[in-house]
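Undergrad: sequence below, structure please.
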Amino acid sequence: MTLLDSARRELRRGIESARRHGVAFGELWRRSLQLRVVVSTLALSSAVVFVLGMVLQVQITGQLLETKTEAAIRQADASAAAVQPDLSGLNPGPDSVRARFTAALNKINAAGAGLDSSSSGAGAFEPVLYDPVEVGPDGLPTAVGPWGDVPKGLVKMLDQGSAGYQITTVERPTGPTTLLIVGKPVSTSSRAMHLYLLFPLTGEQATADVVQSTLVVGGVVLLLLLAVIANLVTRQVVRPVRQAAEIAERFADGSLDERMPVVGEDDVARLAESYNEMAASIQRQIHQLEEFGQLQRRFTSDVSHELRTPLTTVRMAADVLHASREQFPSGLARSTELLVDELDRFESLLGDLLEISRLDAGVEELAAELVDIRVLARRAHDSVRAIANSSGTTIVMDLPDHEVTAELDSRRVERILRNLLANAIDHGEGLPVELTLRGDGDAVAVTVRDHGVGLRPGEAELVFNRFWRADPSRNRRTGGTGLGLSISLEDARLHGGWLEAWGERGYGAVFRLTLPCRHGHELTSSPLPLEPPDLPPVVAEPEPDEEATGEVELTEEEITWQPAEPVTGEREEVR
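TA: Below is the predicted model of the structure:
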């Protein structure tokens, strides 16, 4: 059992190591253009070298066999002509046939065959003479020479009166031997005899082996040379690209003075020149935008500060008038009330502009302290209670029974929650607004959901833009400045948190604030989902009826809303 467990551990370790190496190679393959080009070149070159080697080997081997066969046929013709006179007057009888066959073979080996073979170039051979009719007393065919090596198919061919040849492999004491056997019928006075010449192909096999090994070694050397050449050529192209990528990364990080070196007049040099021109243009535009942004922030800050003094004076006069409005005629008293209301809006707008200018300048700092966020949620709720009552909106608070503490700036987080509640009331169409708070020890999340008009696709990213409004034609109830969500987003970023939005037409909108429990901790997830979990499932729309021409309209009585029940925790409703 111990050995089996050890083997399993080693197997798992090997699999894990192979997986890591595979992942590392895959990452390198995706990131390295040079590696892909070199490997692709080697793969294609290997295929070409393999096909070329096979073609060369087949051609060389075929040429060797063809030359050997032609020489063997010439040798067979010469040998048949040499033994023809000795076999023409052959007498019947096995002994007489064997004696005549032996004499004929001796003549082939000793006399004419040696001269013919040297002239034909067929090489050494073994002759065989065979009588297809005469059978000896032992029941075996009458033949002289290594008759057992002759294949049956070649014998049948010669029985039909045709000459032929065949390549076969036979077992010899020295091992398997490949033979080229040429057969030719030799006419006698009574019947045709068979003459076979057995040519060993040992030399041709050795030549083919040498050719094959040469092709393999040459192919490997060629592939190595191609790999080196491809690596060098690719490096010449990839090095400027990598250099351009590094310079572009440093340029994107803020080093606006980074430029590519221009060497020569080739395509890479033109690329470097184009990149340098583009970088210089971007640098000029960035400097212009920075100057414009600084002027804009300075103008906003200066105007906001300059308007503070006359606003204070007007505010004091308006307060005096407002305090004495009961002594004025009704029309003048109403104008005094409108003056105070508009001054409140004006003062709020100035405050938001000053806050935005400070955030843009990066001079804002957090006064982080350990705070129970439930207290901030109730304060934010109390701040918008009057707005909710005036619009007939119910605010549903879903708070945990235990403390939910985090290190944060209570003033900024309360302002975020107040802005989210005021925005939900303004767009909730009088339907209930739900505030939910949850924490998991690493992060806390607050969602504010309304059941009003909702958001169109793509508007979830636009709601945090300054002065952006989803529907400019709608009448606002809160009289906001259009900067509340922008300031809230910057406050969330100062805490290292997230402020996200979700919405669909007909299902309202959800704003989720996620903050780390400890100042400086990086967020990885949120305790609350952004999309509401109680949405109805998506149902495929039926195919339109070709005969239907009208449109279905729902009346207000047919549209109902049912609030989602909170999961756990404290629930409060305030009118």
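Undergrad: now do the helices in the stretch 451-575 of the chain.
TA: For the stretch 451-575 of the chain, applying DSSP state H, counting those that start in this stretch gives helices covering 484-494.
Undergrad: where does it dip in pLDDT?
TA: Counting by pLDDT under 70, the stretch 451-575 of the chain has low-confidence residues at 469-482, 536-575.
Undergrad: swap in 80 and give it another go.
TA: 458, 465-484, 534-575 (pLDDT under 80).
Undergrad: and the strands in this structure?
TA: Per DSSP state E, the chain carries strands over the ranges 126-135, 141-144, 164-172, 175-187, 192-200, 369-372, 395-399, 405-408, 433-439, 443-450, 498-504, 508-516, 570-574.
Undergrad: ok, and what's touching the third one?
TA: With Cβ atoms under 8 Å, 6 or more residues apart in numbering as the test, strand 164-172 has contacts from 65, 69, 72-73, 149, 151, 153-154, 157-158, 176-183, 201. C-beta here means a position set from N, CA and C on the backbone, and glycine is covered the same way.
Undergrad: thinking again about what came up before, okay, the strands of the chain in CSV with distance to Q34 and mean neighbour count next?
TA: Putting those into CSV (distance: least, Cβ to Cβ, whole Å; neighbours: other Cβ atoms under 10 Å) gives the following:
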stretch, distance to Q34, mean neighbour count
strand 126-135, 61, 19
strand 141-144, 70, 20
strand 164-172, 50, 14
strand 175-187, 48, 18
strand 192-200, 53, 24
strand 369-372, 54, 14
strand 395-399, 58, 20
strand 405-408, 49, 21
strand 433-439, 50, 23
strand 443-450, 43, 25
strand 498-504, 40, 20
strand 508-516, 42, 24
strand 570-574, 62, 12
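Undergrad: among the ones you listed, which gets the worst mean confidence?
TA: Of all the strands of the chain, the minimum mean pLDDT falls on strand 570-574 (a mean of 44).
Undergrad: if we can go back for a sec, dump the strands of the chain into CSV; add distance to A323 as well.
TA: As requested, the strands of the chain are exported to CSV (distance: least, Cβ to Cβ, whole Å):
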stretch, distance to A323
strand 126-135, 139
strand 141-144, 144
strand 164-172, 125
strand 175-187, 124
strand 192-200, 131
strand 369-372, 37
strand 395-399, 32
strand 405-408, 39
strand 433-439, 35
strand 443-450, 37
strand 498-504, 40
strand 508-516, 39
strand 570-574, 31
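Undergrad: nearest to A272, of those strands?
TA: strand 498-504 (40.8 Å; Cβ to Cβ).
Undergrad: output the contacting helices and strands for that closest one.
TA: Other helices and strands packing on strand 498-504, by 3 or more Cβ pairs under 8 Å, 6 or more residues apart in numbering; DSSP states H and E, are helix 484-494, strand 508-516.
Undergrad: turn the ones you listed into JSON lines, including distance to R415.
TA: Converted to JSON lines, the helices and strands packed on strand 498-504 look like this (distance: least, Cβ to Cβ, whole Å):
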{"stretch": "helix 484-494", "distance to R415": "7"}
{"stretch": "strand 508-516", "distance to R415": "11"}
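Undergrad: A388 and A424 touch, don't they?
TA: No - A388 sits out of contact with A424 when judged by Cβ atoms under 8 Å, with a separation of 9.5 Å.
Undergrad: show me how the protein divides into domains.
TA: The chain breaks down into these structural domains: 12-254, 267-358, 366-537+555-574 (assignment by automatic domain parsing).
Undergrad: need the winner for burial among those.
TA: Each of these was scored by mean neighbour count; the highest is domain 366-537+555-574, a mean of 17, by mean count of other Cβ atoms under 10 Å.
Undergrad: centre of the chain to it, how far?
TA: When distances are taken as Cα atoms, centre = their mean, to the nearest Å, domain 366-537+555-574 is centred 37 Å away from the chain's centroid.
Undergrad: kindly report the same for stretch 268-281.
TA: Between the centre of stretch 268-281 and the centre of its host chain there is 30 Å, according to Cα atoms, centre = their mean.
Undergrad: before we move on, what about stretch 318-328?
TA: Per Cα atoms, centre = their mean, the displacement of stretch 318-328 from the mean C-alpha position of its chain is 72 Å.
Undergrad: ok, now stretch 192-206?
TA: Between the mean C-alpha position of stretch 192-206 and that of its chain there is a distance of 62 Å (Cα atoms, centre = their mean).
Undergrad: what about that stretch, how long is it end to end?
TA: End-to-end distance for stretch 192-206: 37 Å, by Cα to Cα, to the nearest Å.
Undergrad: of the strands of the chain, which approaches I108 most closely?
TA: With Cβ to Cβ as the measure, strand 126-135 is the member of the strands of the chain nearest I108 (5.0 Å).
Undergrad: what angle do that closest one and strand 175-187 make?
TA: Inter-element angle recorded for strand 126-135 and strand 175-187: 60 degrees (by axes from the mean of the first three to the mean of the last three Cα atoms, to 10 degrees).
Undergrad: now do strand 126-135: which elements does it pack against?
TA: Packing partners of strand 126-135 (3+ Cβ pairs under 8 Å, 6+ apart): helix 94-110, strand 141-144, helix 152-159, strand 192-200.
Undergrad: my guess is G392 contacts G430. True?
TA: Yes - judged on Cβ under 8 Å, G392 makes contact with G430 at a distance of 4.9 Å.
Undergrad: nearest to L455, of the helices and strands packed on strand 498-504?
TA: strand 508-516 (5.3 Å).
Undergrad: restrict that closest one to CA atoms and write it as CSV.
TA: Taking only C-alpha atoms (Å, rounded to 0.1, in the frame of the first residue of the first chain), the coordinates of strand 508-516 have been written out as CSV:
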residue,chain,number,x,y,z
GLY,A,508,-35.5,50.4,-12.0
ALA,A,509,-31.9,51.0,-11.1
VAL,A,510,-29.4,49.8,-8.4
PHE,A,511,-26.4,51.7,-7.1
ARG,A,512,-23.9,49.7,-5.1
LEU,A,513,-21.2,51.2,-2.9
THR,A,514,-18.4,48.8,-1.8
LEU,A,515,-15.8,49.9,0.7
PRO,A,516,-12.9,48.0,2.3
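Undergrad: can you give the strand pairings for it, parallel or anti for each?
TA: Strand pairing for strand 508-516, determined by DSSP bridges: strand 443-450 (antiparallel), strand 498-504 (antiparallel).
Undergrad: can you lay out the ones you listed as a markdown table showing distance to D344?
TA: Converted to a markdown table, the strands paired with strand 508-516 look like this (distance: least, Cβ to Cβ, whole Å):
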| stretch | distance to D344 |
| --- | --- |
| strand 443-450 | 24 |
| strand 498-504 | 26 |
